[in-house]
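**Student:** sequence and predicted model, in that order:
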Amino acid sequence: MNFPGTWMTESGSVVYRVVPKCACSTIGQILYYSDHGRFFDGDIHDADTGLHKWAFETSQEPIRRNVLGHESYSFTCVRNPYTRILSSFFDKICGIQRNGRRYRGNLVPSLIYNYGIEVGGEDGQEEFDQIRSFRRFLLFARDTIRFRRPMEPDIHWSAMSGHVGTFIANGGTYDRVIWTEAFEEGMTQVLANMEMRHPVDLAAVPRFNESEGHGPTRAHPVEAYFDDLSMHLVYEIYKQDFELFRYDAGNPGNKMPVGEIDLEELHAKLGA
């Protein structure tokens, strides 16, 4: 059984299924700290020691054994689909990545040519019509997810249920799914179920944001980016995310969940 996107502390105290754009940098640093008593110096996604990651061949058997035996607490974290896709646009499409280049090479020039979007110039800092460009990007995201053209969907805007579901379908069981919007509350419960080598004071943990400063600042409230058509497109591609993770599809301005996540329903629907 394979568990892509799964991280585990070296001590095996907890298992975490990464969902891109859902506080994964902060969560990874917390897990790292719980074993080592310090944060990783750099972007946790670049860490190749100190944390088991499925991408590392030597980590796969320890992760597989733990997950299939449900030897430790397992969790993931999700985010409102409206704010997640908006964040993906500003970070991955408009932003300059930490390597100093545009995301995925020729992706942005292709979007500019084929979908007519703007990204704020060479450095992403020039003024442009953010709302119009975002709505055009949304058409592109829909095309990749629904029709797998002009490319396969990217992990940063593919549905959260897809990421979360591979863990279940391959034999894993979640003990908790936390919301980015209620992060401290959810992470407190995760930490309470871990045997930590180094206790973590959540109130003192900085928010590690790998995308911060990469792109232009969002100029409008979230709801301004979504007209009726945009809301229809978002619901079309993230219907299961809204339903399983209890977000409000009818109000882009309400980022908070509107009900409790039913783990039994989650495992039944994503494990089928």
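**Tutor:** Cool, got the structure.
**Student:** what's Pro87 sitting at in phi/psi?
**Tutor:** Let me fix one detail, which is that residue 87 is Ser and not Pro. phi -60, psi -40 (degrees, to the nearest 10).
**Student:** burial check on it, number of neighbours?
**Tutor:** A count of nearby residues for Ser87, using other Cβ atoms under 10 Å, gives 22. In this view, the C-beta of every residue, glycine as well, is placed from N, C-alpha and C.
**Student:** the residue lying closest to it once chain neighbours are set aside: neighbouring residues, count only.
**Tutor:** Of all residues not flanking Ser87 in the chain, Lys21 sits nearest, at 5.4 Å (Cβ to Cβ, 6 or more residues apart in numbering). Other residues near Lys21 come to 22 when the count uses other Cβ under 10 Å.
**Student:** show me the contacts for Lys21.
**Tutor:** 79, 84, 87-88, 91, 156-157, 211 (Cβ atoms under 8 Å, 6 or more residues apart in numbering).
**Student:** likewise Ser230?
**Tutor:** If a contact means Cβ under 8 Å, 6+ apart, then Ser230 has 135, 138 as its contacts.
**Student:** quick one: it from Gly253, how far?
**Tutor:** 13 Å (Cβ to Cβ, to the nearest Å).
**Student:** give me the buried entries from the contacts of Lys21.
**Tutor:** Listed as buried from those are 79, 84, 87-88, 91, 156-157, 211; burial here means 16 or more other Cβ atoms under 10 Å.
**Student:** tell me which helix or strand the residue nearest to Ser87 sits in.
**Tutor:** Here Lys21 sits in a region with no helix or strand, counting by DSSP states H and E.
**Student:** low-scoring stretches of the stretch 51-200 of the chain, by residue?
**Tutor:** 124 (pLDDT under 70).
**Student:** could I get the full set of strands for it?
**Tutor:** For the stretch 51-200 of the chain, the strands defined by DSSP state E, counting those that start in this stretch cover 51-53, 73-78, 176-179.
**Student:** could those go into a markdown table alongside mean neighbour count and distance to Leu263?
**Tutor:** Shown next, in a markdown table, are the strands of the stretch 51-200 of the chain (neighbours: other Cβ atoms under 10 Å; distance: least, Cβ to Cβ, whole Å):
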| stretch | mean neighbour count | distance to Leu263 |
| --- | --- | --- |
| strand 51-53 | 21 | 24 |
| strand 73-78 | 23 | 11 |
| strand 176-179 | 20 | 7 |
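**Student:** ok, which of those comes nearest Arg98?
**Tutor:** Evaluated with Cβ to Cβ, the strands of the stretch 51-200 of the chain place strand 51-53 nearest to Arg98, the distance being 18.1 Å.
**Student:** so how far is the closest one from its chain's centroid?
**Tutor:** Mean-position distance between strand 51-53 and its chain equals 17 Å (Cα atoms, centre = their mean, to the nearest Å).
**Student:** same question for stretch 157-170.
**Tutor:** On the basis of Cα atoms, centre = their mean, stretch 157-170 sits 11 Å off its chain's mean C-alpha point.
**Student:** how about residues contacting it?
**Tutor:** 1-6, 17-22, 67, 74, 76, 78-79, 81, 84-85, 88, 92, 141, 144-145, 155, 174, 177, 237-238, 240-241, 244-245, 266-267, 270-271.
**Student:** in PyMOL, select just the buried ones from the residues you listed.
**Tutor:** In PyMOL, this line selects whichever of these come out buried by 16+ other Cβ under 10 Å:
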select buried, resi 3+5+6+17+18+19+20+21+22+67+74+76+78+79+81+84+85+88+92+141+144+145+155+174+177+237+238+240+241+244+245+266+267+270
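**Student:** picking up where we left off before, could the contacts of Lys21 go into JSON lines alongside distance to Ala203?
**Tutor:** Below are the contacts of Lys21 laid out as JSON lines (distance: Cβ to Cβ, whole Å):
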{"residue": "Arg79", "distance to Ala203": "21"}
{"residue": "Arg84", "distance to Ala203": "25"}
{"residue": "Ser87", "distance to Ala203": "24"}
{"residue": "Ser88", "distance to Ala203": "29"}
{"residue": "Asp91", "distance to Ala203": "26"}
{"residue": "His156", "distance to Ala203": "29"}
{"residue": "Trp157", "distance to Ala203": "32"}
{"residue": "Ser211", "distance to Ala203": "23"}
